[in-house]
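Asker: No letters, just coordinates:
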Ligand SMILES: Nc1ncnc2c1ncn2[C@@H]1O[C@H](COP(=O)(O)OP(=O)(O)OP(=O)(O)O)[C@@H](O)[C@H]1O
């Protein structure tokens, strides 16, 4: 169901390679996120002046806004080695112990989707972050003992699309949290200009604006749309101009606001099946055949941001703009909205 153009993470090797080629390598090359960038710069410089490892860093925000890129930059700017892992890969404390005990001094450890790490590993991480030490449990039951193991000093960079799911003790151990925001059109224009330059593609300003406005505030999506436009121009022997952008994006079903199939399915479900809401998250996710997490972390933030839906204590509700955008009329409301409140995870 997820659209490959706007899917939260790369779905193929080719896509990964394409993303890799366009990834900024330094803070100076990193577009936008001015506040987070300035804060990070200060933190890295202070660590450098004191010849120590930088504080642990938490990067929070929707997919595709540059969390992995920033983790790589933290390593690159300090000429430190980088180890990459992810929450789902750490399902036992032992997985984390193996990872931590093999770090070299000064290494940057990036854990993507850190909110999905096993609880037992999370607890081990507290001590590791604070004291660069872990306790390894040996044996079972009454005879079990713990052996302390010193670790090399490291910087943990955690990334999460759901910072609210992180337990407070873990969140508190990060020296700095950057909340990445959606990019505005001017920033996406800059991302696209840079990408076009790297790809050796001539992309006029009006074509860039057209792509930027359909990129859901997300550099990953801007770069993907650019790739499709480049293909279109190549196959049709046309310049990558505004007409090519429009034709290519129409072909791929990306509407003028950047809504893709899943966004439209979610909106249509709220409008048609639930009379505009309120509807709870899991009911909504089931009705569009998606995981609640995808609806919550990928679809909703953007629809809320562009004023299509609002989150209320009783569930998701479509706004007048959503009715208008989908060319539908809101129903005439009676005394109560019936039949939608059978899940409580709003
Ligand atoms: N500020 C930026 N300037 C230029 N390009 C960017 C920027 N942020 C992201 N990108 C581009 O978008 C792509 C996706 O970024 P990245 O993988 O860092 O996102 P992410 O937030 O880690 O996503 P996920 O949550 O899915 O891991 C990168 O390949 C990079 O080319």
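Answerer: Perfect, thanks for sending it. Computed from a predicted structure; not experimentally measured.

Asker: for the ligand, what are the nearby residues on the chain?
Answerer: 8-9, 19, 22-24, 30-33, 63-69, 112, 159, 161, 191, 219-220, 223 (CB under 6 Å from any ligand atom). Every C-beta, even on glycine, is put in place using the N, C-alpha and C of the backbone.

Asker: Just want the most central residue of this protein.
Answerer: residue 63 (1.6 Å; CA atoms, centre = their mean).

Asker: Can you tell me how far it is from residue 13?
Answerer: Using CB to CB, to the nearest Å, one obtains 19 Å as the distance from residue 63 to residue 13.

Asker: how about residue 309, phi and psi?
Answerer: Geometry field for residue 309 lists phi and psi as phi -140, psi 160, criterion degrees, to the nearest 10.

Asker: Surely it touches residue 319?
Answerer: Yes: contact criterion CB atoms under 8 Å: residue 309 and residue 319 qualify, at 6.4 Å.

Asker: Could you check which of these two is surrounded by more residues?
Answerer: Taking other CB atoms under 10 Å, residue 309 and residue 319 do not tie; residue 309 has more neighbours (27 against 18).

Asker: per-residue confidence for the more buried one?
Answerer: Per-residue pLDDT puts residue 309 at 95.

Asker: Excluding sequence neighbours, find me the nearest residue to it.
Answerer: residue 303 (4.7 Å; CB to CB, 6 or more residues apart in numbering).

Asker: quick one: which helix or strand includes the one you found?
Answerer: Here residue 303, judged by DSSP states H and E, is contained in helix 300-305.

Asker: any idea of the mean pLDDT for that helix?
Answerer: The model assigns helix 300-305 a mean pLDDT of 91.

Asker: contact partners of that helix?
Answerer: 62, 182, 216-217, 258, 263, 266-267, 309-311, 316, 322 (CB atoms under 8 Å, 6 or more residues apart in numbering).

Asker: again, only using 7 Å
Answerer: Residues from elsewhere that reach helix 300-305 (CB atoms under 7 Å, 6 or more residues apart in numbering): 62, 182, 216, 217, 263, 266, 267, 309, 310, 311.

Asker: what's the distance between the closest residue to the last one other than its chain neighbours and residue 293?
Answerer: Meaning residue 311. Nearest in space to residue 311, with sequence neighbours left out and distances taken as CB to CB, 6+ apart, is residue 304 at 6.5 Å. According to CB to CB, residue 304 and residue 293 sit 16 Å apart.

Asker: ok, those two, which is more surrounded?
Answerer: The neighbour comparison of residue 304 against residue 293 (other CB under 10 Å) goes to residue 293, with 17 against 14.

Asker: Do me a favour and average the pLDDT over the helix or strand that one falls within.
Answerer: Taking DSSP H and E as the definition, residue 293 sits inside helix 292-294. The average of the pLDDT scores along helix 292-294 is 90.

Asker: Could I get the buried residue list for the longest helix seen in the chain?
Answerer: Ranked by number of residues, the top helix in the chain under DSSP state H is helix 219-236. The neighbour-count check on helix 219-236 (16 or more other CB atoms under 10 Å) flags 219-230, 232-233 as buried.

Asker: again with stretch 160-177
Answerer: By neighbour count on 16+ other CB under 10 Å, the buried set for stretch 160-177 is 160, 161, 163, 166, 170, 171, 173, 174, 177.

Asker: Kindly report the same for stretch 278-295.
Answerer: Buried residues in stretch 278-295, counted by 16+ other CB under 10 Å: 278-285, 287-288, 290, 292-295.

Asker: picking up where we left off before, now do the helix holding residue 303: distance to the chain's middle.
Answerer: 13 Å (CA atoms, centre = their mean, to the nearest Å).
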